[in-house]
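Novice: Sequence and predicted model, in that order:
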Amino acid sequence: MNKALTHRGPDEEGAYANQNASIAMRRLSIIDLSQGQQPQYNVDGDILVFQNGEIYNYKELKADLIQRSYVFKTNSDTEVLAHLYEAQGTKMFALLKGMFAICIYDRRNNTYIIARDRFGEKPLYYHWAQSVFSFSSEIKSLLENSFIERKLNHYALPYYFRTSLVPEPITLLDKINSLEPAHFIQLKDGQLKKEAYTQLHYTSNPPIQSEEEAIEYIQPILTKAIQRQTISDVPIGAFLSGGIDSSTIVALLQKNSIQQIKTFNVRFENQAFDESAIAKKVAKHCGTDHHEIFVPDFDFDESIFWMIIDQVGLPFRDSSAIPTFLVSKEISKHLKVALSGDGGDELFGGYSLFRWYQKIIQLKKIPPSIRTAMSNSFAFPQAIPGANDFSFIRQLKRGMKTAMESIEDIPIALNELFSREQMAALLGKKVTDFTTVSSFALLKNYPERAANWSPLRKIMYYRLKHTLPANMLVKVDRMSMANSLEVRAPFLDPDLFDASTQLADHLLIKNRKGKHILRQIMAKDLPEEVFNHPKTGFNMPLFKYMNDAFKALAHDLLFDHNPWPGFIPEVELKKIYDRGIVIKKDTSTISVFQTSHQLWMLMMLFGWARRFKIQL
């Protein structure tokens, strides 16, 4: 199991075993290079700790413990955890600012505790059956335990098809769970107890209403969040895409650094989403040591498909894992640690999805009969202004259809990859339970306190609770750690998140533009081009890379050597294959993104089943 994690920690390994357990880890040496080996112990040696990740506020925690007469032997952040547990017990987790998966073994009472960071930056999977508890940072490692059966979790499959995201704690593997962010598990006397140590929360009446007050409040907290994440005994650099989020991190990082920092941008040949020119301007404006990584026009190769499956350990829809892997591979040649802008959209309202959600909530105020009539009118698109714009018509149709959903189902519908009708055709009776009113209960498990949140905060919660840990952070963690590169996200600092919840909605989205307050804060520190160009993201136009190798792999997985023959009707597989391969432009009914990624999802599912020998 530990050998399978070598890429996450190529520098050294640590282990502990007794009659009750075997625990091991791999280390990427970043803090206290000479004495940071794990496990770390308390003074008496009866509490030991393993950790993947970083505790950014460990120096402040250590100073407090020293005042309380705790003695330290190293400068490791992991040793701080051993003493902090001795002082605080499980209350310690709420005090941590960092990204982490932690295992604590308390030998005094034979108790094991595992915990995961607040937003789910670091992964932690576990299996609990017949009094045997197994856990690991990655599925591939966990499945090296031959005790664990490799069976499909049929209950999770409809979640995968509907939105491509399986909500934590379940996974597509039966009896294998993902520990949710901000949770810990305590295992004692054969009993397992799971508990949240903090919760995401928004206020119904945010106290900060003016721009001036917001700037004065947020700016120092943002600056401190970035400074906090620069703790390292090795050099640190930063991703620089040219977007607002990464540019903000770079500008404030360089502004408060006495050394010139290294920044990295990737430029893809013949790509519409290339922002390298803006990244260059930002780097020059901020005075960084800038590196532009040129990636020749990507030609699909089967090996990168299998690499994604190996690293994620589960089917993974987001094809932007490919450029993320390529960028991480290049940066890792220069550095061990890089800061990114991940989380900026989630905290400060950057996604167009947020604006769509607000519009659809407004549409729901129209009586259902009128909404139905309006939706039916799209059968005659020539009567609608802008009818020649297929994307416009398709979005109108989807908007009206989504407005027919319940309030709690709208976020799911907005992220829909396969419709309920398509799922029924693919899965038949297997999907029946998911077409009822109680469908997707895990995904819409809003807390009672959400009743008074604004629509904007509700969709932001959905994104933070489900999309971020199950997609965005999976992509960044697995693709960077595959290259032994640690990526840190200052926007996901707990203090910064808490501060962002105090802002009124109009400080987040104004004049149909997201991240309004971030734009105001950074106006003097960044060139104007950063704020004026449209948001592009890091998407892959997958349909452009359907070369002969892609088509051959798709055909082999879906038809020639399907690992689950007959599980999905071949006639339905052929529809998805044909649409995915043939359609190269958006139509008024479906987007090329949807057709290409529906095919990619099936390839991922069957490729995963073959690679890991998953049984039905």
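Specialist: Nice, I can see it.
Novice: how deep is the nearest residue to residue 513 once chain neighbours are set aside tucked in, by neighbour count?
Specialist: Among residues not flanking residue 513 along the chain, residue 519 sits closest, at 7.4 Å (Cβ to Cβ, 6 or more residues apart in numbering). Using the backbone N, CA and C atoms, a C-beta is placed for each residue, glycine as well. Neighbourhood size, residue 519 [other Cβ atoms under 10 Å]: 17.
Novice: same check, this time on residue 220
Specialist: By other Cβ under 10 Å, neighbour count at residue 220 equals 10.
Novice: any weak-confidence spans in the protein?
Specialist: Under the criterion pLDDT under 70, the flagged ranges of the chain are 269-274, 297-298, 371, 374-393, 429-445, 534-540, 588.
Novice: per-domain residue ranges of it.
Specialist: 3-196, 211-298+316-349+465-532, 352-457, 542-611 (automatic domain parsing).
Novice: What helix or strand is residue 53 located in?
Specialist: For residue 53, the host element (DSSP states H and E) is strand 47-55.
Novice: Within its sheet, name the partner strands of that strand and how each one runs.
Specialist: strand 40-41 (antiparallel), strand 98-106 (antiparallel) (DSSP bridges).
Novice: contact partners of the last one?
Specialist: With contacts defined as Cβ atoms under 8 Å, 6 or more residues apart in numbering, strand 98-106 is touched by 16, 21, 23, 39, 46-58, 77, 81-82, 85, 111-117, 119, 121-124, 135, 137, 179, 488-489, 492.
Novice: Which of those residues fall in strands?
Specialist: 16, 23, 47-55, 111-116, 135, 488 (DSSP state E).
Novice: ok, of the residues you listed, which come out buried?
Specialist: 16, 23, 47-55, 112-116, 135, 488 (16 or more other Cβ atoms under 10 Å).
Novice: Run the chain-centre distance for stretch 502-516.
Specialist: The chain centroid and the centroid of stretch 502-516 are separated by 23 Å, computed with Cα atoms, centre = their mean, to the nearest Å.
Novice: and the end-to-end length of stretch 548-565?
Specialist: One end of stretch 548-565 sits 23 Å from the other (Cα to Cα, to the nearest Å).
Novice: Touching it from outside, list them.
Specialist: With Cβ under 8 Å, 6+ apart as the criterion, stretch 548-565 contacts 300-302, 305, 570, 573-574, 576-577, 580-581, 599, 602-603, 606-607, 609-610, 614, 616.
Novice: What of stretch 22-37?
Specialist: 1-2, 5-6, 8-17, 38-39, 50-52, 54, 58, 73-78, 103, 105, 231-234, 336-337, 484, 486.
Novice: buried residues in it?
Specialist: 23-32, 36-37.
Novice: Could you dump those into CSV and include distance to residue 216 and secondary structure?
Specialist: Listed next are the buried residues of stretch 22-37 as CSV, based on distance: Cβ to Cβ, whole Å; DSSP: H, G, I helix; E, B strand; the rest coil:
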residue, distance to residue 216, secondary structure
23, 47, strand
24, 48, strand
25, 43, strand
26, 44, strand
27, 41, strand
28, 38, coil
29, 40, coil
30, 34, coil
31, 33, coil
32, 37, coil
36, 39, coil
37, 44, coil
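Novice: Which member of the residues you listed is positioned nearest residue 369?
Specialist: Comparing the buried residues of stretch 22-37 against residue 369 with Cβ to Cβ places residue 28 closest, at 59.9 Å.
Novice: For the closest one, give me the backbone phi and psi.
Specialist: In terms of degrees, to the nearest 10, the main-chain angles of residue 28 are phi -100, psi 110.
Novice: And for it, nearest residue in space, chain neighbours not counted?
Specialist: Nearest non-adjacent residue to residue 28 (Cβ to Cβ, 6+ apart): residue 9, at 4.7 Å.
Novice: just to revisit the earlier point, for the residue nearest to residue 513, what are its contacts?
Specialist: Contacts of residue 519 (Cβ under 8 Å, 6+ apart): 244, 513, 531.
Novice: For residue 327, see how far away the residue nearest to the last one when sequence neighbours are not counted is.
Specialist: This means residue 531. Distance criterion Cβ to Cβ, 6+ apart; nearest residue to residue 531, sequence neighbours excluded, is residue 519 at 5.4 Å. Remark: distance between residue 519 and residue 327 (Cβ to Cβ, to the nearest Å) = 25 Å.
Novice: can you check residue 478 too?
Specialist: 13 Å.
Novice: now swap in residue 190 and tell me
Specialist: 45 Å.
Novice: Next: residue 524.
Specialist: The value you get for residue 524 to residue 327, if Cβ to Cβ is used, is 29 Å.
Novice: which of the two has more neighbours?
Specialist: Neighbour totals were compared for residue 524 and residue 327, and residue 327 leads with 24 against 7 (other Cβ under 10 Å).
Novice: Who are the contact partners of the more buried one?
Specialist: So residue 327 contacts 239, 264, 266, 293 (Cβ under 8 Å, 6+ apart).
Novice: Tell me which of these fall in helices.
Specialist: Cross-referencing the contacts of residue 327 against helices under DSSP state H gives no overlap.
Novice: possible to save the residues you listed as JSON lines with distance to residue 276 and neighbour count?
Specialist: Putting the contacts of residue 327 into JSON lines (distance: Cβ to Cβ, whole Å; neighbours: other Cβ atoms under 10 Å) gives the following:
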{"residue": "239", "distance to residue 276": "13", "neighbour count": "27"}
{"residue": "264", "distance to residue 276": "11", "neighbour count": "25"}
{"residue": "266", "distance to residue 276": "8", "neighbour count": "25"}
{"residue": "293", "distance to residue 276": "9", "neighbour count": "17"}
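Novice: Phi and psi next, for residue 503.
Specialist: phi -90, psi 140.
Novice: Name the nearest residue to residue 594, sequence neighbours excluded.
Specialist: residue 417 (6.5 Å).
Novice: on that earlier part again, residues in contact with the residue nearest to residue 28?
Specialist: Counted by Cβ under 8 Å, 6+ apart, residue 9 has contacts 25-28, 52, 484.
Novice: got the residues you listed as a markdown table, with distance to residue 366 columns?
Specialist: Below are the contacts of residue 9 laid out as a markdown table (distance: Cβ to Cβ, whole Å):
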| residue | distance to residue 366 |
| --- | --- |
| 25 | 56 |
| 26 | 56 |
| 27 | 58 |
| 28 | 54 |
| 52 | 50 |
| 484 | 54 |
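Novice: Pull out the buried residues from the contacts of stretch 548-565.
Specialist: Applying 16+ other Cβ under 10 Å to the contacts of stretch 548-565 flags 300, 305, 573, 576-577, 580-581, 599, 602-603, 606-607, 609-610, 614 as buried.
Novice: among those, which are in helices?
Specialist: Going by DSSP H, the helices hold 305, 573, 576-577, 580-581, 599, 602-603, 606-607, 609-610 from these.
Novice: Looking at those, which is nearest residue 282?
Specialist: When these are compared against residue 282 (criterion: Cβ to Cβ), the nearest one is residue 305, at 33.3 Å.
Novice: now the closest one: how far from residue 28?
Specialist: 26 Å.
Novice: same thing with residue 172?
Specialist: 28 Å.
Novice: One more: residue 86?
Specialist: Distance from residue 86 to residue 28, by Cβ to Cβ: 26 Å.
Novice: Since that was my last question, I'll sign off now.
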